[in-house]
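> pasting the structure only:
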């Protein structure tokens, strides 16, 4: 139940991430402890122009997915600016025909004054799309689903920037599915990504400037990847 937008949009996003220094090739120790030949850090989309462009990719990926939705939800903390920016991009997208999409996000700590509580923004209602950068362990998705369901709304999909298409666990006991696949199976909803590892490999195949990294990425996918 994972989906990606059209290949042109995915390829454009990979190139954009490279240009912004968000996607890099080399040797990187990632959160799992593995040494990865590439690294994707969405936190480096940290200027108005780059976040605005990122939001356009999120909006297009969501519309291309044909997922029905009524609002967006950004899990604290990375999801907050992503959901906000994506709502702005959707509002200006011609495919929305002027429709305004509300959004909400949560606080990590409950507020005991003012409006109180942990939720900020529009009331959670209808079909809600959760927006984040990547899915590693699925913890923020689980928490988001619980919040949305507790409000009487329906989690409709998860929208992320990059699907690493990677299995979890130690090398001698790798999980049969990726974190993205597990989320889709567990919650019975699609996970839409702007791009995935195959799109990165497509760039390495087509661009001689980065071709030297292709074998390392292919070997990493052979060891940890999923179909």
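Received the coordinates, thanks. Just so it is clear, the structure is predicted and the values come from calculations on it, not from any experiment.
> tell me which residues of the longest helix along the chain are tucked away?
If you go by DSSP state H, the chain has its longest helix at helix 48-65. Buried residues in helix 48-65, counted by 16 or more other Cβ atoms under 10 Å: 50-51, 53-65. The way it works is simple: take the backbone N, C-alpha and C, and place the C-beta from them, glycine included.
> Likewise for stretch 98-108?
101, 102, 103, 104, 105, 106.
> Name all residues that make contact with the third one.
Meaning residue 103. Listed by Cβ atoms under 8 Å, 6 or more residues apart in numbering, the contact partners of residue 103 are 71, 72, 73, 74, 83, 84, 86, 87, 121, 122.
> which one is the last one nearest to, not counting chain neighbours?
Spatial nearest neighbour of residue 122, chain neighbours left out: residue 102 (3.4 Å); criterion: Cβ to Cβ, 6 or more residues apart in numbering.
> With the fourth one instead?
Ranked by Cβ to Cβ, 6+ apart and with sequence neighbours excluded, the top spatial neighbour of residue 74 is residue 83, at 2.9 Å.
> Helix, strand, or coil at residue 32?
Here residue 32 is coil, with the state taken from DSSP: H, G, I helix; E, B strand; the rest coil.
> Contact partners for it?
Taking Cβ under 8 Å, 6+ apart, one finds 136, 168 in contact with residue 32.
> Verify the contact between residue 130 and residue 146 for me.
No - Residue 130 lies out of contact with residue 146 (Cβ atoms under 8 Å); the separation is 11.3 Å.
> neighbour-wise, which of the two wins?
Neighbour totals were compared for residue 130 and residue 146, and residue 130 leads with 28 against 11 (other Cβ atoms under 10 Å).
> now the helices for this protein?
Under DSSP H, the chain gives helices at 7-19, 48-65, 79-91, 139-150, 179-187, 197-206, 214-224.
> just how off-centre is the longest one within its chain?
Using Cα atoms, centre = their mean, to the nearest Å, the distance from the centre of helix 48-65 to the centre of the chain it belongs to is 11 Å.
> For residue 46, grab the count of nearby residues.
11.
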